[in-house]
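>>> quick one, what's the 3D model for this:
(one chain, ligands or ions: 1)
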Amino acid sequence: MQLAKNTHNQSQVNKLLKQKADDFLVIEGVSKIYPTPEGPYTVLDGVDLKVREGEFVCIIGHSGCGKSTLLNMVAGFNTPSEGIVLLQDQPITEPGPDRMMVFQNYCLLPWLSVFDNVYLAIDSVFPKKSQAEKRAIAREHLAMVGLTEAADKKPSQISGGMKQRVAIARALSIRPQVLILDEPFGALDAITKEELQEELLQIWREHQVTVLMITHDIDEALFLADRVVMMTNGPAAQIGEILEVPFARPRNRRRIMEDPEYYNLRNYALDFLYRRFAHDDE
Ligand SMILES: Nc1ncnc2c1ncn2[C@@H]1O[C@H](COP(=O)(O)OP(=O)(O)OP(=O)(O)O)[C@@H](O)[C@H]1O
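Down below sits the predicted model:
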């Protein structure tokens, strides 16, 4: 009897734990209305999304539909006009080291070396750690993105792909729970972009970080994400549909591209963006 009771309790606990993991990041009824000289402008209108812990979610949608506005609310740089964003049941009201953002334009400090760009972030979040420890964390994360040799270079002396690697190493070096990427590879050439996508997947697997990433590239979203969130056009944009990406991990680009399901998903997303929610100017 006791055993049966314990088993029952354990299954309840497992259910609660799963629910907690499923509700890791919760965006609930979020709207954003900006005051403008022409009157209130509704960018987002009632966005609901739940993200599981460790999930990789890509967000696609036409320019101006409010993707950055939404992710800025998760980062804490922006606040909803209505609704709420919760991380592990806590409302997000300001930026914090549990959520790190990486932008398309790298945002490195040009007067600091690659190493010091990463070190500065670690130092600001972990001021009590010893200098040796902080230097070791910086070295470890630069090694993770293959930049050990470039540690003493200034941002102006390295390529765009390398700069984005520094930005990713810097973001991860403070061990955030959520990594927010706003079109991180948008400015890179195709080969560098593919290399960085592979590296990002490896890092995501090793760090077990939850990733939210904006992209305009459907192939990128299908290669990286567990789910692709497709937004309707603004104003008053909403989540139109969510695609579950079924490909096994670790993913192999060639194998995925040989899978007929890849083309079904790709065509479905293209149809959503360029027919059902086509932009007037496209
Ligand atoms: N502070 C603000 N005041 C008024 N309107 C704003 C403000 N910030 C953003 N907007 C408007 O909100 C809309 C959504 O902007 P946002 O940058 O979130 O879109 P996006 O989907 O990320 O676009 P893109 O893909 O081009 O980066 C745009 O029309 C933008 O002009």
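>>> confidence score at the nearest residue to residue 98 once chain neighbours are set aside?
Nearest residue to residue 98, sequence neighbours excluded (Cβ to Cβ, 6 or more residues apart in numbering): residue 177, at 4.7 Å. Quick note: C-beta positions are derived from backbone N, CA and C, even for glycine. pLDDT for residue 177: 95.
>>> what about residue 16, neighbour count?
Neighbour count of residue 16, defined by other Cβ atoms under 10 Å: 10.
>>> what does stretch 126-137 rub up against?
For stretch 126-137, the external contacting residues (Cβ atoms under 8 Å, 6 or more residues apart in numbering) are 119, 122, 123, 173, 174.
>>> ok, the closest residue in space to residue 85 that isn't next to it in sequence - contacts?
Leaving aside its sequence neighbours, residue 85 sits nearest to residue 92 (Cβ to Cβ, 6+ apart; 4.6 Å). Contacts for residue 92 (Cβ under 8 Å, 6+ apart) come out as 73, 74, 76, 85, 86, 99.
>>> what about burial for those residues, which qualify?
Buried residues within the contacts of residue 92, counting neighbours by 16 or more other Cβ atoms under 10 Å: 73, 74, 76, 85, 99.
>>> in strands, which of the residues you listed fall?
Mapping the buried ones among the contacts of residue 92 onto strands (DSSP state E) picks out 85, 99.
>>> adding pLDDT and distance to residue 115, write the buried ones among the contacts of residue 92 out as a markdown table.
Converted to a markdown table, the buried ones among the contacts of residue 92 look like this (pLDDT from 0 to 100; distance: Cβ to Cβ, whole Å):
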| residue | pLDDT | distance to residue 115 |
| --- | --- | --- |
| 73 | 97 | 32 |
| 74 | 97 | 29 |
| 76 | 97 | 27 |
| 85 | 96 | 34 |
| 99 | 96 | 24 |
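>>> for the buried ones among the contacts of residue 92, which one is nearest residue 222?
residue 74 (22.1 Å; Cβ to Cβ).
>>> is it true that that closest one touches residue 179?
No. Applying Cβ atoms under 8 Å, one finds residue 74 not in contact with residue 179, separated by 10.6 Å.
>>> joint contacts of these two?
When Cβ under 8 Å, 6+ apart defines a contact, the residues bordering residue 74 and residue 179 alike are residue 212.
>>> all strands of this structure, in order?
25-36, 39-51, 56-60, 82-87, 90-91, 99-103, 178-182, 210-214, 227-231, 239-244.
>>> neighbouring strands of the fifth one in the sheet, and parallel or not?
Same thing as strand 90-91. Using DSSP bridges, the strands paired with strand 90-91 are strand 82-87 (antiparallel).
>>> what number of residues lie near the residue in the stretch 151-282 of the chain that the ligand sits nearest to?
Nearest residue of the stretch 151-282 of the chain to the ligand (Cβ to the nearest ligand atom) works out as residue 234 at 5.7 Å. Look at residue 234: counted by other Cβ under 10 Å, it has 20 neighbours.
>>> the chain should start at 17 in everything you say after this.
Renumbered: residue one is now 17, and that last one reads residue 250.
>>> and it, backbone torsions?
phi -90, psi 170 (degrees, to the nearest 10).
>>> excluding chain neighbours, what is closest to it?
The spatially closest residue to residue 250, leaving aside those adjacent along the chain, is residue 81, at 4.4 Å (Cβ to Cβ, 6+ apart).
>>> so which bits of the stretch 117-266 of the chain are right by the ligand?
Listed as neighbours of the ligand in the stretch 117-266 of the chain under the rule Cβ under 6 Å from any ligand atom: residue 250.
>>> could you pull out the helices in the stretch 117-266 of the chain for me?
According to DSSP state H, counting those that start in this stretch, the stretch 117-266 of the chain carries its helices in the segments 130-141, 147-160, 176-189, 206-223, 234-240.
>>> how about those helices, which one is nearest residue 70?
Of all the helices of the stretch 117-266 of the chain, helix 206-223 sits nearest to residue 70, with 8.4 Å by Cβ to Cβ.
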